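> Just to be clear, the model below is a prediction. Sequence and coordinates:
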Amino acid sequence: MAAGVPLSTRVGDIVTRTPVLDIHTHLYDPGFRSLLLRGIDDLLVYHYLVSESFRQMDIPYDRFWAASKTEQAGYIWDALFVKHSPVSEACTGVLTVLHALGMDPRQGDLKSLRAWFAALPADEHVERVMKAANVSAVGMTNSPFDDEERPYWEQSIPRDPRFFAALRIDPLLLSWETAVPFLRQRGYDLTTDRTARNAAEVRRFLADWTRRIGSRYCMVSLPPEFRYPADTDTNWLLDQAVLPHCREFNQPFALMMGVRRAVNPSLRMAGDGVGRSDLNALRDLCSANPENRFLATCLSRENLHELVVLARKFRTLHPFGCWWFTNTPQLVEEITRMRLELLGTSFTPQHSDARVLDQLIYKWRHTRAVVTKVLTDRYQALEAAGWSVSDSEIQRDVTELFGGAFDRFREKPLQSERPVQSLD
Ligand code: RAT
Ligand code: ZN
């Protein structure tokens, strides 16, 4: 880049140009047809906006849920965009999307926005959004327990290689008693007893699904009450089935810690909350399983400093993302700054958690703005210490943050991290 170009511009250009590998979303590849959510109505009925809109509406929960998606979108638009200024992060996100796609929501109404999206075929829509978001690959969340999703895997559908699979196993680890009949119905011969034979059947299930979907990692979200070690089905399943499975397939196990499900069930998917986790569990998981690799993110802001310190102690632990309630510019800045200052570039700053295709645009534009700001500050600190960074070094670092570090971590050959015995 030409001499005299400000550091922030150099960093900003590289951050904007570098494609990102989005390691965790709830998107589906277009082959999954109606499971791929897209367009204005899906953007508006996003559960982040549902919970915000109820704060501004008097409509009873039941009436809202009985309404069609179009009507629900109308209620939310009216409450959050017409009657109030859309200043929250999730609202601003909708506007970032529309603006990037060339629409002015102040001109016209929801009807004309709907017509614009309706004219866009899914494949073209995917191309357009991935280009605008500059996303090269998208990690899906794939649950064999999901009755809508499973049939797609059971027939072979044409796959878009940019969408990769991740095996999600919350029901297995968190509701063993109901997971067992589900597995039995599908040909796995097991009971709820904690026996070696049952663990072997769970491993067979995990192996079958890992192969069937081509999963790149295995994943769970955990409540704040999660403890390890503990005398629970969850712990038994982890020790006897899930962690051995991840070792066998040389794949990381991803933990999303601190979600308190159904705090307000009337809000349905928007009703989940947050609780502070006990990260001693993660520490003990890492130290008791030195041949496993762990990806981890926490929902509680209070846990995120501890997570970074733990990652300094265990190179088998890779922090990722600013998840859900921490995905606001202020918190993304704080968390990313802290991670860079304590870990250098050996982490993945963000995943989008997009549920609607178009959200890739706003989630990544907003993240890129923060990453530019924070990286520029760190490079300025280097300059003050007499070390000036070249564009190729900036590029190397951004590539690392936008998927490179994740890929290297994921593909690391299995090796023992057993503590070295002391000689005395
Ligand atoms: O961020 C979200 O959309 C949440 O609803 C959750 O799905 C969370 O990301 C999860 O993966 O459990
Ligand atoms: Zn998620």
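All right, it came through fine. Numbering: from 1, shown residues only. Ligands and ions are numbered 1, 2, ... in the order given.

> At which residues are the helices of the stretch 301-424 of the chain located?
Listed in chain order, the helices found in the stretch 301-424 of the chain under DSSP state H, counting those that start in this stretch are 301-313, 329-343, 359-384, 391-399, 405-411.

> So for the longest one, what gets flagged as buried?
The one in question is helix 359-384. Neighbour-count burial for helix 359-384, counted by 16 or more other Cβ atoms under 10 Å, picks out 359-379. (C-beta placed from N, C-alpha, C; glycine too.)

> before we move on, back to that, point out the one among the helices of the stretch 301-424 of the chain that comes closest to ligand 1.
helix 359-384 (9.8 Å; Cβ to the nearest ligand atom).

> how big is the angle separating the closest one from helix 329-343?
Here helix 359-384 runs at an angle of 50 degrees relative to helix 329-343 (axes from the mean of the first three to the mean of the last three Cα atoms, to 10 degrees).

> between helix 359-384 and helix 391-399, how many degrees?
Going by the same axes, to 10 degrees, helix 359-384 makes 140 degrees with helix 391-399.

> Which other helices and strands does helix 359-384 contact?
helix 7-17, strand 20-22, helix 89-100, helix 122-133, strand 135-139, helix 329-343, helix 391-399 (3 or more Cβ pairs under 8 Å, 6 or more residues apart in numbering; DSSP states H and E).

> now the helices of the stretch 301-424 of the chain in CSV, with mean pLDDT?
Converted to CSV, the helices of the stretch 301-424 of the chain look like this (pLDDT from 0 to 100):
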stretch, mean pLDDT
helix 301-313, 98
helix 329-343, 98
helix 359-384, 98
helix 391-399, 98
helix 405-411, 96
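
> Compile these into JSON lines and extend it with columns for distance to Ala137.
Shown next, in JSON lines, are the helices of the stretch 301-424 of the chain (distance: least, Cβ to Cβ, whole Å):
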{"stretch": "helix 301-313", "distance to Ala137": "23"}
{"stretch": "helix 329-343", "distance to Ala137": "21"}
{"stretch": "helix 359-384", "distance to Ala137": "11"}
{"stretch": "helix 391-399", "distance to Ala137": "13"}
{"stretch": "helix 405-411", "distance to Ala137": "10"}
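
> of all those, which lies closest to Leu183?
helix 405-411 (26.9 Å; Cβ to Cβ).

> Next, the buried residues of that closest one.
Ala405, Phe406, Asp407, Phe409, Arg410.

> Relative to Cys286, how far out is the fourth one?
When distance is defined by Cβ to Cβ, to the nearest Å, Phe409 is 13 Å away from Cys286.

> Enumerate the residues of the stretch 1-150 of the chain near ligand 1.
Contact residues, the stretch 1-150 of the chain versus ligand 1 (Cβ under 6 Å from any ligand atom): His26, Thr141.

> what's the answer for the stretch 151-300 of the chain, then?
Ser221, Met256, Val259.

> and the residue in the stretch 151-300 of the chain that ligand 1 sits nearest to, what are its phi and psi?
As assessed by Cβ to the nearest ligand atom, ligand 1 sits closest to Ser221 within the stretch 151-300 of the chain, at 4.0 Å. Recorded main-chain torsions at Ser221 are phi -110, psi 140, according to degrees, to the nearest 10.

> ok, now Arg260?
Torsion angles at Arg260 (phi, psi; degrees, to the nearest 10) stand at phi -100, psi 100.

> Let me see the ranges of the helices in the stretch 51-200 of the chain.
Using DSSP H, counting those that start in this stretch, helices in the stretch 51-200 of the chain cover 61-66, 69-77, 89-100, 110-118, 122-133, 150-154, 170-174, 176-185, 196-213.

> Just put those helices in JSON lines and tack on mean neighbour count and mean pLDDT.
Output for the helices of the stretch 51-200 of the chain, formatted as JSON lines (neighbours: other Cβ atoms under 10 Å; pLDDT from 0 to 100):
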{"stretch": "helix 61-66", "mean neighbour count": "13", "mean pLDDT": "98"}
{"stretch": "helix 69-77", "mean neighbour count": "19", "mean pLDDT": "98"}
{"stretch": "helix 89-100", "mean neighbour count": "20", "mean pLDDT": "98"}
{"stretch": "helix 110-118", "mean neighbour count": "15", "mean pLDDT": "97"}
{"stretch": "helix 122-133", "mean neighbour count": "17", "mean pLDDT": "98"}
{"stretch": "helix 150-154", "mean neighbour count": "14", "mean pLDDT": "96"}
{"stretch": "helix 170-174", "mean neighbour count": "20", "mean pLDDT": "98"}
{"stretch": "helix 176-185", "mean neighbour count": "15", "mean pLDDT": "98"}
{"stretch": "helix 196-213", "mean neighbour count": "17", "mean pLDDT": "98"}
